[in-house]
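Chemist: What follows is a predicted protein model with its sequence.
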Amino acid sequence: MKAINHYVVIDKIKEEKKQSGLLLTESTDTDNRYLRAKVISVGNLVEGLKEGDIVRYDKHNGFGIDLDNKIYYVISLRDIVVVE
């Protein structure tokens, strides 16, 4: 799978956060708008980003693609806010 133009294919990194003995999952963590992901593929117009980079992106954008029974997400470059 290869991204094109300004799109980036990512694989979400599951993070669980504990707060006062409670386990917060992605769906219950309303304080954090940005999620972590690993870059799988970058489009030909994307600069400053490469496969394998860990990024933070806006969780309200993008869409999922099912490939080999695994869901990857396609986001626009402008949805990435931090490269770790």
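Modeler: Everything's here; your move.

Chemist: Assign residue 5 to helix, strand or coil.
Modeler: Counting by DSSP: H, G, I helix; E, B strand; the rest coil, the backbone at residue 5 sits in coil.

Chemist: Work out for me the element the most centrally placed residue in the chain sits within.
Modeler: In the chain, the residue lying closest to the centroid (C-alpha atoms, centre = their mean) is residue 37, at 3.8 Å. Applying DSSP states H and E as the criterion places residue 37 in strand 34-42.

Chemist: How much space separates the residue nearest to the centre of the chain from residue 82?
Modeler: Using C-beta to C-beta, to the nearest Å, residue 37 is found at 11 Å from residue 82. From N, CA and C alone the C-beta is placed, and that goes for glycine too.

Chemist: Common neighbours of the two, please.
Modeler: Listed as contacting both residue 37 and residue 82 by C-beta atoms under 8 Å, 6 or more residues apart in numbering are 55-56.

Chemist: Need the pLDDT of the residue nearest to the centre of the chain.
Modeler: Listed pLDDT for residue 37 reads 97.

Chemist: Repeat that for residue 14.
Modeler: pLDDT, residue 14: 87.

Chemist: element containing it, please.
Modeler: Residue 14 belongs to no helix or strand, assigned by DSSP H and E.

Chemist: how many neighbours does it have?
Modeler: Using other C-beta atoms under 10 Å, the number of residues around residue 14 comes to 8.

Chemist: Residue 55 sits in which helix or strand?
Modeler: Under the criterion of DSSP H and E, residue 55 resides in strand 54-58.

Chemist: who touches that strand?
Modeler: 8, 10, 13, 33-39, 49, 75, 79-84.
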